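[1] With the sequence up front, the predicted model follows.
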Amino acid sequence: VVLSFGLATIIKSIVENRIASKITDEHQEIIIISGRVGFMLTLAIGLTIALAIAGINITALLAALGFGLSFGLQDTIANFVAGLTLLATRPFGLGDWIKVNGQSGKVEEIRTRFSILKTYDGLRLIVPNAILFKSIVISSTSNSMRRITIPVYCRYYANIEDVKKICLNEVKKEPKIFLEPKPRVIVGSLEDSYITLRVRCWVGTKSGWVKIKSNLAMAIQNRLQEVGYDA
């Protein structure tokens, strides 16, 4: 049995190394799946041979084991299968930012039974793979670009068209904001003492969009203050 585990570990390492030399970093999931499959197959064959040498009735043992697994290891098996499915289908990948059940984080690892996310404040979030497989998952970085929305507030005496031009001029000054799709400024709501507008534009998902959004909001606010339009 010990030799089976040792040999399975060696086979896993060999398979991962050989596949890693033939694929790019974008397909790390293939390496993980191949290594795990190689490990499980080698372990299964080794244990079968060991039990046969020991004279144990493999058929009866498998029947008893299957009965026990159906009751005691349902969650473990579900998480294992879900983990392999996530790696194979790639609804999101390693390094993507996702949100599941109200929790957000960067996918650091997809292990056999659970996945590890790193939250914005540096915490490690451990999520069972079955939950990731069954739940609605929002991925912030699977697409190459994302839209950001910035609220802008101005007084009623302000010329709305001028405010829109100011916003778009500040947008064009930011080199990381795409000009296609075209940035837009729309009226959001009419409050008691001010008007809310919304600036909508597109940026690359991995271009540091949080910082871009913050810088653009400050630039628009400062410009509106200069002309006396800010609320």
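    Perfect, thanks for sending it.
[2] how about low-confidence regions in the protein?
    1-5, 8, 15-16, 19-36, 43, 50-73 (pLDDT under 70).
[3] So which residues of it form helices?
    For the chain, the helices defined by DSSP state H occupy 2-20, 28-53, 58-72, 74-89, 129-134, 160-173, 209-227.
[4] which helices and strands sit right next to the last one?
    Going back to what we said before, that points to helix 209-227. strand 145-154, helix 160-173, strand 195-204 (3 or more CB pairs under 8 Å, 6 or more residues apart in numbering; DSSP states H and E). (C-beta placed from N, C-alpha, C; glycine too.)
[5] For those, could you give me a markdown table that also reports distance to Asn79?
    Below are these laid out as a markdown table (distance: least, CB to CB, whole Å):
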| stretch | distance to Asn79 |
| --- | --- |
| strand 145-154 | 30 |
| helix 160-173 | 45 |
| strand 195-204 | 33 |
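[6] surely Phe114 meets Asn129?
    Yes. Between Phe114 and Asn129 there is a contact under CB atoms under 8 Å: 5.9 Å.
[7] Counting neighbours, what do you get for Asn222?
    As a burial measure, Asn222 scores 11 neighbours (other CB atoms under 10 Å).
[8] Check Ile116 too.
    15.
[9] Could you give the bridge partners of it?
    Glu109, Ile126 (DSSP bridges).
[10] Look up how far Met40 lies from it.
    Ile116 sits 21 Å away from Met40, going by CB to CB, to the nearest Å.
[11] With Val100 instead?
    27 Å.
[12] out of the two, which sits in the busier spot?
    Val100 (20 against 15).
[13] rewinding a little: let me know which of the helices and strands packed on helix 209-227 is tucked in deepest.
    strand 195-204 (a mean of 18; mean count of other CB atoms under 10 Å).
[14] My guess is Ala217 contacts Thr149. True?
    No. Ala217 lies out of contact with Thr149 (CB under 8 Å); the separation is 10.4 Å.
[15] Give me the phi and psi for Thr141.
    When read as degrees, to the nearest 10, the backbone of Thr141 gives phi -130, psi 10.
[16] now do the one 3 residues further on
    The main-chain torsion angles of Ser144 are listed as degrees, to the nearest 10 and equal phi -70, psi -20.
[17] who touches it in this structure?
    204-205 (CB atoms under 8 Å, 6 or more residues apart in numbering).
[18] Pull up the gap between it and Thr205, please.
    Distance, Ser144 to Thr205, by CB to CB: 6 Å.
[19] What of Ser214?
    From Ser214 to Thr205 the distance is 16 Å (CB to CB).
[20] before we move on, what about Gly93?
    12 Å.
[21] What is the burial count for the spatially closest residue to Arg155 that is not a sequence neighbour?
    Using CB to CB, 6 or more residues apart in numbering and skipping residues adjacent in sequence, the residue nearest Arg155 is Ala231, 5.6 Å away. Per other CB under 10 Å, the neighbour tally for Ala231 reads 15.
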